[in-house]
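Engineer: how would this look folded up:
(one chain, ligands or ions: 1)
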Amino acid sequence: MAGLVSAIHDFDMVENVDVQHKAGQDDGENMNGKRILLIVGGGIAAYKSHELVRRLKERGASVRAIVTKGGAEFVTPLSLSVLTEEKALTELFDLKDEAEIGHIRLSREADLIVVAPATADLLAKMAHGLADDLATAVLLATDKRVLVAPAMNVRMWEHPATQRNLATLRADGIRFVGPDEGEMACGEFGLGRMAEPATILEAIAGLLGAEEARPAAKATPLRALSGLPLRGRHMLITSGPTQEPIDPVRYIANRSSGKQGHALARAAKALGADVTLVSGPVTLPDPQGVRVVKVDTAHEMLAAVQAALPADIAICAAAVADWRASDEAPHKLKKLHQGTETTLALTLNPDILATISKPGPSRPRLVIGFAAETENLIENARAKRLRKGADWIVANDVWPGTGAMGGDQTQIHLVTGDGVEDWPPMSKDEMAARLLARAADAFAALRPAAE
Ligand code: C5P
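Structural biologist: Predicted coordinates for the structure are as follows:
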């Protein structure tokens, strides 16, 4: 079992699967009473659904199957009905089943929806919200977690369209297991084989375990966050640049506009949080209903942040100047003669993110930092997460051509302890809303602190 768990973690494509095996937590061996809705898509790997059903039932789960039109070319609904001991469903407009069960009810009754195998076509439909058959209608209607086991030809897997759809689905909170690398039915070799039933079972166990550990979040999964999930929570957000004086009229700064940090503060407020926004000099209006502390320098920002603690969640979105002038001149520095070199001695500023990430009683339980890079984005962000002790790093490419610095659009990669999620391009407002929804979800899943 442990081997399988590490296999899941080692495999890049399944970084998204949240296999939680904490000491003393049910490891998912026992699935008594759990209801799995299994969607079997079209593909040669559909035959593996039989073994998956058998293993789920052995562990005490009940399984209901939906077979897509393509899936029914590879496995018969009858065989799945026999194995699941429930009528396998196929068509959206089967009036009798609609009257008796209904796709909305189907999608809500399950504890987890598993799509195995998921074809490139099914992934594309999911990513675009199409609902032209029972399987896709259920997937669009559900508020439950969805685990997907893709299976397709390696070229289809690698196609930019499929990769774009995967990024969209990851950002929507869909979890993935596999695909594996190996020989395919079509004779080609590469990534695209559906994960083995044992591996899928392990991912299911991990997700069911995670659900169990997050009863408060159960009613408010990522895509259906409603109400005020951050009500009563204190969120601390830094935003904007800092200005480090050289003399009374000159300073060191950067091009940060504060748009992202301020959008995060608005999004946190919208989810009910009590928000403290510590902002460097920006030209933006103060977000409504938010406590705004205005600072100029990194030192002032650090002091304001420390004064605002404790906080439940902290997001450091400020572009803090790395250096300050070692000595601030009391008077305006005079120009020297042409040809004479002037040197400016610089001192490293305190790292606010690293400071508040240090373990201790005042550490916010979820600390999120940003990494703006122009090269080796993911590598640098991963290293930054570890070096600074943050829980998540939002990595974004600020190469001048991207327009991210100062612009309204962004494209980020969310680096967590579980892996990297590539989010599609979107506005900074939308990114803020999604990140906050994600943070609220993750916060709810944390074990209660000794509050
Ligand atoms: O080291 P770098 O500036 O790339 O790190 C970026 C992240 O660290 C951002 O979250 C930023 O707000 C934070 N940071 C900080 N204090 C600093 C430098 C960066 O909080 N002095």
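
Engineer: who in the stretch 351-451 of the chain is up against the ligand?
Structural biologist: Proximity of the stretch 351-451 of the chain to the ligand is confined to 351-353, 369-371, 384 under the rule Cβ under 6 Å from any ligand atom. C-beta here means a position set from N, CA and C on the backbone, and glycine is covered the same way.

Engineer: just those residues: which are in helices?
Structural biologist: 352-353, 384 (DSSP state H).

Engineer: closest one of the residues you listed to residue 417?
Structural biologist: residue 384 (13.5 Å; Cβ to Cβ).

Engineer: in what helix or strand does the closest residue to residue 311 other than its chain neighbours lie?
Structural biologist: Take residue 311 and drop its neighbours on the chain: the residue closest to it by Cβ to Cβ, 6 or more residues apart in numbering is residue 236, 3.8 Å away. Using DSSP states H and E, the element containing residue 236 is strand 234-239.

Engineer: run the angle between the longest helix anywhere in the chain and strand 234-239 for me.
Structural biologist: Assignment by DSSP H gives helix 428-445 as the longest helix of the chain. Calculated by axes from the mean of the first three to the mean of the last three Cα atoms, to 10 degrees, helix 428-445 forms an angle of 150 degrees with strand 234-239.

Engineer: show me what helix 428-445 is packed against.
Structural biologist: helix 215-218, helix 259-270, strand 313-316, strand 366-373, strand 409-410, strand 412-416 (3 or more Cβ pairs under 8 Å, 6 or more residues apart in numbering; DSSP states H and E).

Engineer: hang on, isn't residue 397 packed against residue 377?
Structural biologist: Yes: here residue 397 lies in contact with residue 377, judged by Cβ atoms under 8 Å, at a distance of 5.4 Å.

Engineer: what does this structure put close to the ligand?
Structural biologist: 238, 298, 316-318, 320, 349, 351-353, 369-371, 384.

Engineer: so who does residue 73 touch?
Structural biologist: residue 42 (Cβ atoms under 8 Å, 6 or more residues apart in numbering).

Engineer: separation between it and the ligand?
Structural biologist: 50 Å (Cβ to the nearest ligand atom, to the nearest Å).

Engineer: start at 41 instead
Structural biologist: Will do, 41 is the new start, and the previous item becomes residue 113.

Engineer: for that residue, give its distance to residue 86.
Structural biologist: Per Cβ to Cβ, to the nearest Å, residue 113 is found 8 Å from residue 86.

Engineer: ok, residue 279 next?
Structural biologist: 50 Å.

Engineer: please say which of the two ends up with more neighbours.
Structural biologist: More crowded of residue 279 and residue 86, by other Cβ atoms under 10 Å: residue 279, with 28 against 24.

Engineer: now the more buried one. Nearest residue, chain neighbours left out?
Structural biologist: Nearest non-adjacent residue to residue 279, counting by Cβ to Cβ, 6+ apart: residue 301, 2.3 Å away.
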